[in-house]
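Asker: Sharing a model that was predicted from the sequence below.
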Amino acid sequence: MTTQQPENSAIGKAHNNLFLHVFGQENEVRGFFASHLPREIAQVLDLAGLKRKPETFIDPMLRGRQVDLLYEVPLREGHRGAPVLAYLLLEHQSTFDRMQGLRLLGYLVRIWEWWFKDHPGSRKLPIVLPFVLYHGQQPWRASLQFLDLIEVEGEQREHFRAFIPDFRFLLTDLGRTPDEGLGGGPGCRLTLHAFKWVKNPDLDQMFRKWHRLFEGLIATPESGRELLESILRYLAEESEWLRPETMVEVLSQVNQKAGELAMTIKQQWIQEGIEKGIEKGIEKGIEKGIEKGIEIGEQHGIAIGKAEGKAEGKALALKTVVELKFGLVSEEIRDRIESAAEADLDAWLQRVLFVGKLDEMFLDKRTFS
């Protein structure tokens, strides 16, 4: 167990970061538990007193596909007992895990060990509610009862039952939950919708139906705009099905500030695509002797013909990238590039993507670093 949230693999990093950002806010997650916990449990919990704990209990090998949050929730007035610990686990692998109950058992033990160290004088352990938020492509088909993982049948099940640990965990399968059933604070609701639809070809159409969700979030005085920006950036980075024009159109109908935010993200979205295309084009161009030029953006491309000689090909690639980034340059700059040694061209090609001014590209390597 560690008190610092893990660094995640590239596969699930965007999901994890958004989950931690939104569900880490107590005012957002209270509504989620109120909507998704069984009614008889929600009625005895004082969700207004919910507090997030900073610990994480994930196995290091699983930090790319799982992320967790722990909350302490007191009981309502009139109910005796220690606060309940609500453990929320986001699972975003493509298929369900039949051994999820076993992993949860390990996490529950770690939670109790952590709690006991923090309460050394206690004679009993608190209730822990394990809740899995499943974000997989396939429907969840595994049992939610730990006992079902134990190979024991018939009358033997009853004979040995007293010696087998058992618990049930709660689960929300996002892909199989109707949109109207995705509850929580404004940020939680929109995040759950984003998780559900991010890889779906119908996302662009569904995005237009989220107008009220956007209105509810942007109206949140403390963190609405910040959460909206995080969710929009997540969709822009992770989905190939949302058009920038749709994002700007829908958010502009919410209010002016939301529209301006969407326009800013759209511009950055396109620019990042261009820069990635340029970088990829340079790598391919050098490897093939500039047989095929730099491809940039979604629908933009520049073909660079095959140049005579490796140095000439690199010079042509560098001039193209420089003019794409800084506009047309003087004959003096073009001559300098065309007459440069191959070693200088290699250094400038690596440097051009990261400088803010053209003259910085020509700086001595030691000065630049």
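Answerer: Cool, the structure landed. Source: prediction; values computed, not measured. Numbers count the residues shown, from 1 in each chain.
Asker: rest of the way, CA atoms for contacts and neighbours
Answerer: Fine.
Asker: can you map out the strands along the stretch 201-350 of the chain?
Answerer: For the stretch 201-350 of the chain, applying DSSP state E, counting those that start in this stretch gives strands covering 295-296, 300-301.
Asker: for the record, mean pLDDT for the first one?
Answerer: Across strand 295-296, pLDDT averages out at 46.
Asker: low-scoring pLDDT stretches of the stretch 1-150 of the chain, where are they?
Answerer: Applying pLDDT under 70 to the stretch 1-150 of the chain flags residues 1-12, 64, 94.
Asker: Can you list the residue ranges for helices in the stretch 51-200 of the chain?
Answerer: For the stretch 51-200 of the chain, the helices defined by DSSP state H, counting those that start in this stretch cover 100-118, 154-160, 186-197.
Asker: residues of the longest one that come out buried?
Answerer: The reference is to helix 100-118. Using 16 or more other C-alpha atoms under 10 Å as the test for burial, helix 100-118 gives 100-101, 104-105, 107-108, 110-112, 116.
Asker: Using the record's assignment, carve the protein into domains.
Answerer: If you go by automatic domain parsing, the domain ranges for the chain are 13-265, 308-369.
Asker: out of these, deepest packed?
Answerer: domain 13-265 (a mean of 17; mean count of other C-alpha atoms under 10 Å).
Asker: distance between the ends of that one?
Answerer: End-to-end distance of domain 13-265 (C-alpha to C-alpha, to the nearest Å): 19 Å.
Asker: Work out the gap between it and the centre of the chain.
Answerer: Mean-position distance between domain 13-265 and its chain equals 13 Å (C-alpha atoms, centre = their mean, to the nearest Å).
Asker: How about the contacts made by Lys357?
Answerer: The contact partners of Lys357, taken as C-alpha atoms under 8 Å, 6 or more residues apart in numbering, are Phe326.
Asker: what about the helices in the stretch 251-369 of the chain?
Answerer: Assigned by DSSP H, counting those that start in this stretch, the stretch 251-369 of the chain shows helices spanning 256-287, 310-326, 331-338, 342-351, 358-361, 365-368.
Asker: Quick one: the ones you listed as JSON lines, columns for distance to Val248 and mean pLDDT too.
Answerer: Shown next, in JSON lines, are the helices of the stretch 251-369 of the chain (distance: least, C-alpha to C-alpha, whole Å; pLDDT from 0 to 100):
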{"stretch": "helix 256-287", "distance to Val248": "5", "mean pLDDT": "75"}
{"stretch": "helix 310-326", "distance to Val248": "25", "mean pLDDT": "80"}
{"stretch": "helix 331-338", "distance to Val248": "39", "mean pLDDT": "88"}
{"stretch": "helix 342-351", "distance to Val248": "33", "mean pLDDT": "86"}
{"stretch": "helix 358-361", "distance to Val248": "32", "mean pLDDT": "86"}
{"stretch": "helix 365-368", "distance to Val248": "38", "mean pLDDT": "51"}
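Asker: Give me the distance between the nearest residue to Thr220 once chain neighbours are set aside and Gly49.
Answerer: Nearest residue to Thr220, sequence neighbours excluded (C-alpha to C-alpha, 6 or more residues apart in numbering): Pro186, at 7.9 Å. From Pro186 over to Gly49 the distance is 19 Å, taken as C-alpha to C-alpha.
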